[in-house]
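*Asks:* could you look at this predicted model? Sequence included:
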Amino acid sequence: AVVSTQSGHYGRDILRDMSENRQHPNILITGTPGTGKTELCTRVAALTNMKHINVGAVAAEFNCYEGDDTSLECKILDEDKVIQCIEADMCKGNNILDYHGSDFFEEDWIDIVFCLRTEIGVLSKRLEERGYNEIKTKNNIESEIFQVLLQEARDSYDHDIIHELQSNEMGDVETNAERIVTWLKSWHNDDNTSDVER
């Protein structure tokens, strides 16, 4: 996954102008861990000239952490530092943003949101293969059952730009990637539409 450089080289006015005059969209891929976000983002990046920004990789490279969550066996993200690290790229546009959360990104950065959904049995197996502990697995399964991350996206962005994609089988990666590429072409050709072919 590609990571971003920090935005400290740009003044606030320059970043604002860059964001207001973007010639390329930004896509957010969200969903419960294990739904296949990174695999899909990697495929879309390969089919387009978009930059894949994996927030987890950015956090690891620039140490964007506030501490450790021992029960979930993971680090606590420093969201403000992540924003600083990806801001310049997001203001330029042409990025596919990969993260399970969605509520701390600037709303005007995001042109469309795709939330991946996975059947519980499939997701449970994937999390088991990752070696998640019982608490972390239960947390993520409940998140998917109750559509926590889909609702987070709905609370954070205009409902018209949010789309659900099923991600249960290997073939779904290619199908979903093709839908996103089709949307990308429409965005460039049809004055920034948020519609997605079903």
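*Replies:* Right, received. Where do you want to start? Numbers count the residues shown, from 1 in each chain.
*Asks:* and the average pLDDT for whichever strand or helix holds Glu142 is what?
*Replies:* In this structure, Glu142 is located in helix 134-145 according to DSSP states H and E. Averaging pLDDT along helix 134-145 yields 97.
*Asks:* and stretch 130-140, C-alpha only, in PDB?
*Replies:* Extracted C-alpha coordinates of stretch 130-140, given in PDB (Å, rounded to 0.1, in the frame of the first residue of the first chain):
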ATOM      1  CA  ARG A 130      -6.000 -13.500  11.100                       C
ATOM      2  CA  GLY A 131      -5.500 -14.800  14.700                       C
ATOM      3  CA  TYR A 132      -7.800 -12.300  16.400                       C
ATOM      4  CA  ASN A 133      -8.400 -13.000  20.000                       C
ATOM      5  CA  GLU A 134     -11.900 -13.800  21.300                       C
ATOM      6  CA  ILE A 135     -12.700 -10.200  22.400                       C
ATOM      7  CA  LYS A 136     -11.500  -8.600  19.200                       C
ATOM      8  CA  THR A 137     -13.400 -11.200  17.100                       C
ATOM      9  CA  LYS A 138     -16.600 -10.700  19.000                       C
ATOM     10  CA  ASN A 139     -16.300  -6.900  18.700                       C
ATOM     11  CA  ASN A 140     -15.900  -7.000  14.900                       C
END
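*Asks:* mind listing what's buried in that stretch?
*Replies:* Tyr132, Lys136, Thr137, Asn139, Asn140 (16 or more other C-beta atoms under 10 Å). Every C-beta, even on glycine, is put in place using the N, C-alpha and C of the backbone.
*Asks:* dump the residues you listed to a markdown table, plus distance to Val113.
*Replies:* Output for these, formatted as a markdown table (distance: C-beta to C-beta, whole Å):
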| residue | distance to Val113 |
| --- | --- |
| Tyr132 | 25 |
| Lys136 | 24 |
| Thr137 | 25 |
| Asn139 | 22 |
| Asn140 | 19 |
